[in-house]
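Participant: Generate a structure from the sequence data that follows.
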Amino acid sequence: MNITVKNLREDLHLNQAQFGQLFGVHPMTVSKWERGVLAPNDYQQSLMQEFKKSAQDKEVKDTLTGVLIGAGIAAAIFLLLKASR
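Facilitator: So this is what the prediction gives:
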């Protein structure tokens, strides 16, 4: 993967728990991804590549945390994937 998990998470302004929510994993799993102890599966890596495109959109970054808290995971994933197109 040409972007690290930690860089993507930070670019999206998410903590490990919020980032883990997007992938249905525990925050400890995100920590292990960031430290290279575990690797995301192919599907997760594909999503991360799409999310990487969204990370460049300031409006998406500003809205993402609120969406995760208020509307939930499905809405946040929709927002990220829509912005990546």
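Participant: Poorly predicted segments of the protein, please.
Facilitator: For the chain, the stretches flagged by pLDDT under 70 are 1-3, 65, 69-71.
Participant: in this structure, which residue is closest to the centre?
Facilitator: Among the residues of the chain, residue 19 comes closest to the average C-alpha position under C-alpha atoms, centre = their mean, at 4.7 Å.
Participant: Could you verify my assumption that that one touches residue 10?
Facilitator: No: taking contacts as C-beta atoms under 8 Å, residue 19 lies outside contact range of residue 10: 9.3 Å. Heads up, the C-betas are built off the backbone N, CA and C, glycines and all.
Participant: Residues touching stretch 73-85, excluding its own?
Facilitator: The contact list for stretch 73-85 (C-beta atoms under 8 Å, 6 or more residues apart in numbering) reads 12, 21-22, 24, 47, 50-54, 57, 59-60, 63-64, 67-68.
Participant: List the contacts of residue 53.
Facilitator: Neighbours of residue 53 in contact, by C-beta under 8 Å, 6+ apart: 83-84.
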